[in-house]
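S.K.: fold the stuff below for me.
(2 chains)
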Protein chains: 2
Amino acid sequence: MPELRKDPITGRSVIIAGERAKRPRQLGKTSDTEDIDPCPLCAGNETMTLPEVMAVRGENTPANSTGWSVRVVPNKYPALVDSDEKSLLPDPTFESHPALGVHEVIVESPEHLTSMGILGVEQITQILRVYRGRMVDLQKDPRWRYMLLYKNHGERAGATFEHIHSQLIALSTVPELAAREINGAKRYHQSTGGCIYCAMIERELGQRERLVSILEEFVALCPLAPRFAYETWIVPKNHAVAFEQTSDRDISSLAHILWQLIAKLNRALDNPPFNYLIQSLPGQESNAIFYHWRMEILPQIAGAAGFEWGTGMHLNSVTPENAARLLRDATV
Amino acid sequence: MPELRKDPITGRSVIIAGERAKRPRQLGKTSDTEDIDPCPLCAGNETMTLPEVMAVRGENTPANSTGWSVRVVPNKYPALVDSDEKSLLPDPTFESHPALGVHEVIVESPEHLTSMGILGVEQITQILRVYRGRMVDLQKDPRWRYMLLYKNHGERAGATFEHIHSQLIALSTVPELAAREINGAKRYHQSTGGCIYCAMIERELGQRERLVSILEEFVALCPLAPRFAYETWIVPKNHAVAFEQTSDRDISSLAHILWQLIAKLNRALDNPPFNYLIQSLPGQESNAIFYHWRMEILPQIAGAAGFEWGTGMHLNSVTPENAARLLRDATV
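M.R.: Model (predicted):
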């Protein structure tokens, strides 16, 4: 069972999921990796996954058969579990609990496509609607206090499957990074009455040097202090607390700017590995006005190294001003 | 000039060092990487680096000539600078300062060796003595409040040069990860009067399931909540605050257990990429008794992905109990 262990010195949480070591993989195979052929995420192989949670599929096609365009299944080797057990180590000085939560896989094409750059705006729109649908659904369970939608594209970005997919997790605790961001945003709101993200967007729209693109309701920009080279955020231009509340119209607009940004990254950086993730306000606080959701696109060109693992700081060799210029100028 | 920028929402520090994008590299080259041949770290090419800070070299050999076995030079593309400038962005809401510090490269062999596994205990002893010497020296400058010695081995661990080397940084601020660890250790000391690392070592020596090896004054163990698969720490068995205070005898013993551990990793995991780092107490606090230095060896097999970058938590697919067993059983 996946465990949430706490480092006794720093209090840092780590999920230890030993079962995941056994998972088959299409990328980053080693000599003792289980062979995986055919691809369990392809249409026709639905029985190789766990039964689907939902799917966008043709009328009259039964669940777990072909006929779908986007399909959501539980992760077969989850990092999180639904369990009633409380503590796993009897030792009071060292904390270990079951890693409570949900871990789903969103399969983003029935065909064995391996790059988001191949998808059209319409398919991306469908995918984003599925993200929203799953997050709205998971939010109904009051046990889940945080959700993260993330994509690992390419081996260097941590992907083990090449078939295009993303993952959604729900956790029973708010992880540190999110807690810290929420506190920062709250503090700003308390002292100014405003939203720190709105202030940032206004500033960036004025200065323009870190802007990548503007499309209808969204802005793509490189943040002032990016962790990664060419890190880009897509943010709603107008104040919007949670991704789950995005309208259909705005989802289409988001699909368009995301499609464009990925095309720009592929053009400018020769199809880089990347992660993307959606940071939205945890459900319980959905009336809060201090938060503003965003999508982070994190190219993994340099990756982290000893400096990052030792200090917790990031070292980035590309200024966001240069990154934004390159992406702005990339024609697609 | 490398900048230290603070994310306005989370307060997270990032070093933006745009000049580093231009650095030549032997690993992870792209089409627009400057070609680098011959290797500037090889003996005979001393003029290709900045003038040496120190070297272990034969008597009567002049600085910056051949005849050395370990050589330390300033990083030609540093992440840190020595500067008197205060602020780099005139905007009061977004902080940016020069990234103050020192960034050195320790060249660990005059020959173009690419793996630590090739080195004998004697050469490793020399290398560790150079680490100690440079740290003792940098500690004399009261501006440096934190030092980190780290190695990036292999492209996946962030190395850009294959010629065997490590890096040493000194910073004018204590980075968050270290501050947090120091606070945790202080808290434990205040409430118990003891050292939390000594307590951990005692526990692990008793339980044995996470022990890898014991050699004279040192223990190699997998920590209870490791961030990475096969993460292993080498810790002095007896209370020892700072690596800089290690005796010559203990340096030899450390070289031996480090040599053995790297041989075990190479045997068990087929020469994995890895980072290692030395976490020692920042100089100013060298009389503190709550701290206990260690060396962390961090194999980079799975790396970090969207989950880690989104939550700040780590997901590790190998339990430290299984990792320790594998490494214990690897014969070298």
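S.K.: which residues does A:F161 contact?
M.R.: By Cβ atoms under 8 Å, 6 or more residues apart in numbering or on different chains, the residues touching A:F161 are A:25-27, A:39, A:41. All C-beta atoms are positioned from the backbone trio N, CA, C, and that covers glycine.
S.K.: got the domain boundaries for chain A?
M.R.: Domain ranges of chain A: A:3-171, A:176-329, per automatic domain parsing.
S.K.: lowest average pLDDT across those?
M.R.: For the domains of chain A, mean pLDDT drops lowest on domain A:3-171, to a mean of 90.
S.K.: interface residues of the stretch 1-150 of chain A facing chain B?
M.R.: A:5-21, A:23, A:30-31, A:79, A:93-94, A:96, A:146, A:148, A:150 (Cβ under 8 Å from any Cβ of the partner chain).
S.K.: show me where the stretch 201-332 of chain A has helices.
M.R.: With DSSP state H, counting those that start in this stretch, the ranges of helices along the stretch 201-332 of chain A come out as A:248-269, A:306-311, A:320-329.
S.K.: hmm, back to that, just the closest of the contacts of A:F161 to chain B, please.
M.R.: Lowest distance from chain B to these (Cβ to the nearest Cβ) belongs to A:R25, with 10.2 Å.
S.K.: was I right to think the closest one contacts A:P40?
M.R.: No - between A:R25 and A:P40 there is no contact under Cβ atoms under 8 Å: 11.3 Å.
S.K.: who's A:L168 bridged to?
M.R.: Beta-bridge pairing for A:L168 (DSSP bridges): A:E104, A:L149.
S.K.: report the contact partners of the residue nearest to A:G101 when sequence neighbours are not counted.
M.R.: Using Cβ to Cβ, 6 or more residues apart in numbering or on different chains and skipping the chain neighbours, the partner closest in space to A:G101 is A:L80 (3.2 Å). Counting by Cβ under 8 Å, 6+ apart, A:L80 makes contact with A:2, A:15, A:99-103, A:169-171.
S.K.: among those residues, which lie within strands?
M.R.: A:15, A:101-103, A:169-171 (DSSP state E).
S.K.: tabulate those residues (JSON lines), appending distance to A:L277 and neighbour count.
M.R.: Converted to JSON lines, these look like this (distance: Cβ to Cβ, whole Å; neighbours: other Cβ atoms under 10 Å in any protein chain shown):
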{"residue": "A:I15", "distance to A:L277": "17", "neighbour count": "23"}
{"residue": "A:G101", "distance to A:L277": "16", "neighbour count": "25"}
{"residue": "A:V102", "distance to A:L277": "16", "neighbour count": "22"}
{"residue": "A:H103", "distance to A:L277": "15", "neighbour count": "24"}
{"residue": "A:I169", "distance to A:L277": "10", "neighbour count": "27"}
{"residue": "A:A170", "distance to A:L277": "14", "neighbour count": "25"}
{"residue": "A:L171", "distance to A:L277": "14", "neighbour count": "26"}
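S.K.: quick check, nearest of those to B:C195?
M.R.: Lowest distance from B:C195 to the ones in strands among the contacts of A:L80 (Cβ to Cβ) belongs to A:I15, with 27.7 Å.
S.K.: just to revisit the earlier point, how about the contacts of A:L80 in JSON lines, adding distance to A:L254?
M.R.: Shown next, in JSON lines, are these (distance: Cβ to Cβ, whole Å):
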{"residue": "A:P2", "distance to A:L254": "32"}
{"residue": "A:I15", "distance to A:L254": "29"}
{"residue": "A:A99", "distance to A:L254": "31"}
{"residue": "A:L100", "distance to A:L254": "30"}
{"residue": "A:G101", "distance to A:L254": "26"}
{"residue": "A:V102", "distance to A:L254": "23"}
{"residue": "A:H103", "distance to A:L254": "24"}
{"residue": "A:I169", "distance to A:L254": "21"}
{"residue": "A:A170", "distance to A:L254": "21"}
{"residue": "A:L171", "distance to A:L254": "24"}
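S.K.: of the ones in strands among the contacts of A:L80, closest to A:W309?
M.R.: Nearest to A:W309 among the ones in strands among the contacts of A:L80 is A:I15, at 17.2 Å by Cβ to Cβ.
S.K.: ok, A:L168 to A:L215 distance?
M.R.: 25 Å (Cβ to Cβ, to the nearest Å).
S.K.: ranking the domains of chain A by burial, who's on top?
M.R.: Mean neighbours per residue, mean count of other Cβ atoms under 10 Å in any protein chain shown, is largest over the domains of chain A for domain A:176-329, with a mean of 20.
S.K.: ends of it, how far apart?
M.R.: This stretch, domain A:176-329, spans 36 Å end to end (Cα to Cα, to the nearest Å).
S.K.: cool, stretch A:51-65 as well?
M.R.: By Cα to Cα, the extent of stretch A:51-65 from end to end equals 10 Å.
S.K.: tell me the contacts of the nearest residue to A:E209 once chain neighbours are set aside?
M.R.: Take A:E209 and drop its neighbours on the chain: the residue closest to it by Cβ to Cβ, 6+ apart is A:E321, 5.0 Å away. With contact set as Cβ under 8 Å, 6+ apart, A:E321 has these partners: A:209-210, A:222.
S.K.: could you do A:L315 as well?
M.R.: A:305, A:307-308, B:14-15, B:17, B:20, B:79.
S.K.: adding distance to B:G120, write those out as TSV.
M.R.: Output for these, formatted as TSV (distance: Cβ to Cβ, whole Å):
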residue	distance to B:G120
A:A305	26
A:F307	28
A:E308	31
B:V14	39
B:I15	36
B:A17	35
B:R20	33
B:A79	31
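S.K.: ok, the residue of the stretch 101-250 of chain A found nearest chain B to B:I301 distance?
M.R.: Per Cβ to the nearest Cβ, A:G158 is where the stretch 101-250 of chain A lies closest to chain B, at 2.4 Å. Remark: distance between A:G158 and B:I301 (Cβ to Cβ) = 11 Å.
S.K.: now swap in A:F218 and tell me
M.R.: Distance, A:F218 to B:I301, by Cβ to Cβ: 37 Å.
S.K.: and for A:H256?
M.R.: Taken as Cβ to Cβ, the span from A:H256 to B:I301 is 38 Å.
S.K.: so where do the helices sit in the stretch 51-200 of chain A?
M.R.: Using DSSP H, counting those that start in this stretch, helices in the stretch 51-200 of chain A cover A:121-139, A:176-192, A:196-207.
S.K.: got these as TSV, with distance to A:L281 columns?
M.R.: Formatted as TSV, the helices of the stretch 51-200 of chain A follow (distance: least, Cβ to Cβ, whole Å):
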stretch	distance to A:L281
helix A:121-139	10
helix A:176-192	8
helix A:196-207	11
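S.K.: closest one to B:L138 among the ones you listed?
M.R.: Closest approach to B:L138 among the helices of the stretch 51-200 of chain A (Cβ to Cβ): helix A:176-192, 30.7 Å.
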